[in-house]
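> Kindly generate the corresponding structure for this input.
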Amino acid sequence: MSYVEIPGAKVPIRMWTDPASVEEGALQQLRNVATLPWIKGLAVMPDVHYGKGATVGSVIAMRGAVCPAAVGVDIGCGMSAVKTSLTVNDLPGDLSRLRSKIEQAIPVGRGMHDDPVDPGRLHGFATAGWEDFWGRFDGVADSVKFRHERAGKQMGTLGSGNHFVEVCTDTTGSVWLMLHSGSRNIGKELAEHHIGVAQKLPHNQGLVDRDLAVFIADTPQMAAYRNDLFWAQEYAKYNRSIMMALLKDVVRREFKKAKPTFEPEISAHHNYVAEERYDGMDLLVTRKGAIRAGSGDYGIIPGSMGTGSYIVKGLGNEKAFNSASHGAGRRMSRNAAKRRFSTKDLEEQTRGVECRKDSGVVDEIPGAYKPIEQVIDQQRDLVEVVAKLKQVVCVKG
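I've put the predicted structure just below:
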């Protein structure tokens, strides 16, 4: 489908979904965003749902301002995927050992590495910029109190919630590696700190929602936020790169006879800010639960832990600020999913997938998410499908 436009106070709200299918709370959040004095455009993805301040699944373009709650608290959260030389014929009938080895290599949930991962020992990991990145840590630490040690040990860890590591197969029988994570606790602390700072600024008093507080260009508060924001986005990218390197090492060991090789990594943030130019204006584009889909840009749009995922290529639709959805999107809250579904439902909906099937992940059951095929179909003018994947192993925290 193309987009549907509904009225907004300052800008129209372009929606790549049926407005009638969006819960009222999310629609009100979109209306609230459209009242911001600095806004120049608002694009809504098919996976849109209620969030903090701004909906998940929205692209907000502003001039001279940025809203930290519209980035999300998991700064830089995103996806990485790699196609391997393995095929389904290389996979064993019982995948439980492979899942176990992945869980041993990559800490999940609140787990972290005993010692920070040394990227120099990781096969093929590009260490250029690594020392400079950590050298800028002290500048970040001025903004919020947290421990360098924890940030180091959490680098290369998964987390919990909707984060995952998967082994997938595509329709041609090729095996892919895929993962989803962000900036871990450090990104959350930085985000919450800056949201709190923004809410106290004079220009944000009287907004329709205090969670939409913004930083204004050419102010010390904006400079401090941009410094921490871009550092956390880099942390998230390194975090995924290290996890992917650890995952590749597991695959090399477990499939030694097959001597697996790996194609170039596809990586895409979906909670971040970028400086982009549209209609002759330099804008700060916030994607919260959305990926960049400029012409030729590769992206990843996952479903849930029991359905398919898609590798896509952007079509460069400027009406959507060169964006696309970041996944299927939730259709019910975590608490609602826990009330509605049981572990038996989880077992049925993840049949054929080597994964956790206990009460701790019922809130991630496929039934809690929108149908991924429908979400893809609604953005045919934003992306083209390159590959359809189906997970055979799914690791969650």
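> and residue 374, what is it in contact with?
residue 46 (Cβ atoms under 8 Å, 6 or more residues apart in numbering). C-betas here are computed from N, CA, C, even on glycine.
> Report the mean confidence score over the helix or strand harbouring it.
With elements delineated by DSSP states H and E, residue 374 resides in helix 372-377, which encompasses its position. Helix 372-377 shows a mean pLDDT of 96.
> Would you mark the buried spots in that helix?
Counting neighbours by 16 or more other Cβ atoms under 10 Å, one finds that the buried residues in helix 372-377 are 372, 375, 376.
> Spell out the residue ranges of the helices in this structure.
All helices of the chain, identified by DSSP state H, fall at 24-33, 96-105, 130-135, 137-141, 148-154, 184-199, 220-254, 334-340, 343-349, 372-377.
> Mind checking the ones you listed for the one nearest to residue 78?
The minimum distance between residue 78 and those falls on helix 220-254, with 6.4 Å, by Cβ to Cβ.
> Also compute the angle for that closest one relative to helix 96-105, please.
For helix 220-254 against helix 96-105, the angle by axes from the mean of the first three to the mean of the last three Cα atoms, to 10 degrees is 140 degrees.
> thinking again about what came up before, make JSON lines out of the buried residues of helix 372-377 and add distance to residue 183.
Written out in JSON lines, the entries for these read as follows (distance: Cβ to Cβ, whole Å):
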{"residue": "372", "distance to residue 183": "25"}
{"residue": "375", "distance to residue 183": "25"}
{"residue": "376", "distance to residue 183": "27"}
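> Which member of these is positioned nearest residue 397?
For those, the closest approach to residue 397 (Cβ to Cβ) belongs to residue 372, at 21.5 Å.
> quick one: contacts for the closest one?
Contact criterion Cβ under 8 Å, 6+ apart gives 301, 302, 303, 304, 307, 308, 309, 310, 327, 328 as the residues in contact with residue 372.
> Name whatever forms a beta bridge with the residue positioned nearest the centre of the chain.
Closest to where the C-alpha atoms of the chain average out (Cα atoms, centre = their mean) is residue 78, at 3.1 Å. According to DSSP bridges, the residues that bridge with residue 78 are residue 181, residue 269.
> and it, what pLDDT?
Residue 78 is assigned 97 on the pLDDT scale.
> which residues sit in contact with it?
When the contact criterion is Cβ under 8 Å, 6+ apart, the partners of residue 78 are 180-182, 236-237, 240, 267-272, 291, 326.
> Which of those residues are buried? Put it as a PyMOL command.
Restricted to the buried members of the contacts of residue 78, where burial is judged by 16+ other Cβ under 10 Å, the PyMOL selection command reads as follows:
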select buried, resi 180+181+182+236+237+240+267+268+269+270+271+272+291+326
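> Redo the contacts of residue 78 as JSON lines? Include distance to residue 125 and pLDDT.
Putting these into JSON lines (distance: Cβ to Cβ, whole Å; pLDDT from 0 to 100) gives the following:
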{"residue": "180", "distance to residue 125": "19", "pLDDT": "98"}
{"residue": "181", "distance to residue 125": "16", "pLDDT": "97"}
{"residue": "182", "distance to residue 125": "19", "pLDDT": "97"}
{"residue": "236", "distance to residue 125": "16", "pLDDT": "97"}
{"residue": "237", "distance to residue 125": "12", "pLDDT": "97"}
{"residue": "240", "distance to residue 125": "12", "pLDDT": "97"}
{"residue": "267", "distance to residue 125": "13", "pLDDT": "96"}
{"residue": "268", "distance to residue 125": "19", "pLDDT": "94"}
{"residue": "269", "distance to residue 125": "19", "pLDDT": "95"}
{"residue": "270", "distance to residue 125": "23", "pLDDT": "96"}
{"residue": "271", "distance to residue 125": "24", "pLDDT": "96"}
{"residue": "272", "distance to residue 125": "22", "pLDDT": "97"}
{"residue": "291", "distance to residue 125": "24", "pLDDT": "98"}
{"residue": "326", "distance to residue 125": "25", "pLDDT": "97"}
